[in-house]
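In: Build me a model from this:
(one chain, ligands or ions: 1)
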Amino acid sequence: MKETKEFKTETKRLLDMMINSIYTHKEIFLRELISNASDAIDKRHYLSLTNTNIPTEEYEIKVEANKAERTITITDNGVGMTKEELEEHLGTIAKSGSKEFLEKISKENQPDVDIIGQFGVGFYSAFMVAKKVTVLTKSVNSDKAYLFESEGLDSYSVEETEKDSFGSVITLYLRDNTEDNDYDKFMEEYEIKDLVKKYSDYVRYPIKTWVTKYDPKDEKDDSKEPKTHQELETINSMLPIWKKNKSEVTDEELNNFYKTKFMDYQDPITSIHVNVEGNITYNALLFIPKKPFYDFYSDRDEKGLQLYTKGVFILDKCKDLIPDYLRFVKGLVDSADLPLNISREMLQEDRALKKIASNVEKKVLSELSSMLKNDRDKYLEFYKDYGLNLKYGLYENYGEKKDKLKDLILLRSFNDDKLISFAEYKEKMPEDQKAIYYAVAKDKAAAEKLPQMEMVKSKGYDVLILSDDVDEFMINVLKEYDGKQFKSINKDDLELLNEEESKKIDEMKEEKKDLLESIKTAIPSAKDVILSKRLVDAPCCVSSTGEITFEMERVLKSQNKDVKADRVFEINPNHAVFSKIEDAYKDNKEAGDKLVNILYNEALIQEGILPDDPKAFLNAITDLILK
Ligand code: ADP
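Out: All right, here's what the predicted structure looks like:
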């Protein structure tokens, strides 16, 4: 008896999307159906291992076209579906059969079968090319067969029928051709072969289709037309793409594989194909997506690579295979040196896995380093989205990985206003330049305005501009590059004056000791007051002393940590303002204190720090105007 049922609401919505789809790659329907067929065979095989009532046979998937009927049929001898399963799996999308099955086998703790992760739109993609779909199926768990039929609108029907063998036969009744869409082409032999090669080459079971063969020439037959016959032939190589030799895989194949497997519509920035044989044997495919995935910045994004053991899928996101800072890398690892029934906990401790993980990291870094060397534009594109990850990687764990990462870091050069590496900075250093200078500023224009830049600029030395929050922390961890110390223009002693100039200021410091003392008492929040060796035209500035810098203070404040940098008020001894202060103190202490406070607060503002008491500061300025 034929029963007609309504699709569930969400299924209707999906079907509606498929039917009205203007998606140009309608061809993926074949990939999806073949992938379902392959899963179904995996499931049957898995069940046959524990249940002797379930026979095994030569597994295969057949793709056949019938031009007279305008149909395409995909046949598998997999697990098949019971009536309930038909209704549950094809009548609704709320549950994914594969997911359920995976849960079941992971509970049983013997993941012994390859169930390639399902993605895309699955079964329903058939409706992108078909006006009617039938599924004739017989489950290995049932002696009855059923026929599911749907035109994809609101309802489907299921009726009991006859079928000799276990498995499913999916028949697509192709839509009529339109101006934009040629559905007939899917019945062509070359098209089927192409699509199977392109999308399903690595499916582990033979995918067969009818192929035209030329008959041997018959001497007696003098007709011009060569005679042909059809043979059922396996089209896919069945070898997973990652197991193939690197030289046998084209970039296009890798890109297509990546896009299908990781559901990206763009080619990756780069693909890395690794075949390693030796102590530990493994194959890996690693990809850097062109753009970070939409949930990359959220907690929902779990890092990890897919893990296969001897070609059998084990784990979707094995986080132990990739360090945190390379979390953007997508890909998979397949090794013959890991046990099949390994648990997540055991994985963490597995020596082979650790070794593979460290190799994977090395491969990615060496790929990046050659990209920087050979294709800078590409590296810059990469760096724009992922540079921050490298910086964090360098900073993490007290710089444990600094030597691996320092040459991949780029920072903005003040002189050239473009991103450069530490090596490139060092290369351009004049001989007399002792240190690598950096300034914390959002960009070149902001750095330009820093009074602390004056002396370095006047020497023509380049300055690296640190604009990301993590930058200064990273530099602190690095301390030096290739024998050259990093010096902050707003903190460290820049050692830019010659001996004579420096001595002059030191003498002056002695001479003006009392004055400097008065200034210090006037601004209790400053840790020290000194005569500056870094200013040229500016009257004064504030710098920091000790571990915490102004930038760190700002970053820590944004994390609700109230840690302050120790402020040093620096006065330019050669500036007219200095004598003004001296004169003011000669007049009276109050006038001196007031002037010092104004100048100190101005210097803080210059540094991006608001005065503690803005009102008092503004009043002081007003008083000055009125004087
Ligand atoms: P997914 O495969 O992602 O779960 P689909 O919509 O493609 O989603 O398929 C839904 C379910 O229908 C599958 O999980 C599976 O249980 C079942 N199914 C689909 N095709 C077959 C098939 N050829 N043989 C057996 N079961 C199938």
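In: C-alpha from now on. contacts and neighbour counts both.
Out: OK.
In: could you point out which element follows the helix or strand hosting residue 557?
Out: Secondary structure here is read from DSSP states H and E; on that basis residue 557 sits in helix 550-558. Beyond helix 550-558 in the direction of the C-terminus, DSSP H and E gives the next helix or strand as strand 566-571.
In: Outside of that following strand itself, list whatever touches it.
Out: Where contact means C-alpha atoms under 8 Å, 6 or more residues apart in numbering, the residues beyond strand 566-571 that reach it are 525-532, 539-546, 548-549, 578, 600.
In: Just the buried residues of these.
Out: Using 16 or more other C-alpha atoms under 10 Å as the burial test, the contacts of strand 566-571 include 526, 528-532, 539-545, 548-549, 578, 600 as buried.
In: Inside strands: which ones of the residues you listed?
Out: Here DSSP state E is the test, and the buried ones among the contacts of strand 566-571 give 526, 528, 529, 530, 531, 540, 541, 542, 543, 544, 545 as lying in strands.
In: Quick check: the first one touching residue 541?
Out: No. Shown here, residue 526 and residue 541 do not form a contact pair, counting by C-alpha atoms under 8 Å, at 11.8 Å.
In: Where does the closest residue to residue 605 other than its chain neighbours sit: helix, strand or coil?
Out: Closest residue in space to residue 605, ignoring its immediate chain neighbours: residue 611 at 7.1 Å, by C-alpha to C-alpha, 6 or more residues apart in numbering. For residue 611, the secondary structure call by DSSP: H, G, I helix; E, B strand; the rest coil comes out as coil.
In: Quick one: residues contacting residue 611.
Out: When contacts are counted by C-alpha under 8 Å, 6+ apart, residue 611 is found next to 601, 604, 605, 617.
In: quick one, phi psi at it?
Out: The phi and psi values for residue 611, taken as degrees, to the nearest 10, are phi -60, psi 150.
In: How much space separates it from residue 43?
Out: Distance from residue 611 to residue 43, counting by C-alpha to C-alpha, to the nearest Å: 70 Å.
In: Then residue 458?
Out: 74 Å.
In: before we move on, back to that, out of the contacts of residue 611, who's the most crowded?
Out: Neighbour counts for those peak at residue 601, which has 22 neighbours (criterion: other C-alpha atoms under 10 Å).
In: Verify the stated contact: that residue with residue 615.
Out: No. Proximity of residue 601 to residue 615 does not meet the contact threshold set by C-alpha under 8 Å, at 11.5 Å.
In: which residues do these two both contact?
Out: With the criterion set as C-alpha under 8 Å, 6+ apart, the contacts of residue 601 and residue 615 do not overlap.
In: can you give me phi and psi for the residue lying farthest from the centre of the chain?
Out: Relative to the average C-alpha location in the chain, and by C-alpha atoms, centre = their mean, no residue lies farther out than residue 220, which sits at 66.0 Å. The phi and psi torsions at residue 220 (degrees, to the nearest 10) take the values phi -80, psi -20.
In: After the lowest-mean-pLDDT helix or strand in the chain, which helix or strand is next?
Out: Among the secondary structure pieces of the chain, namely its helices and strands, helix 97-107 has the lowest mean (mean pLDDT, DSSP states H and E), a mean of 45. From helix 97-107 onward toward the C-terminus, using DSSP H and E, the following helix or strand is strand 130-138.
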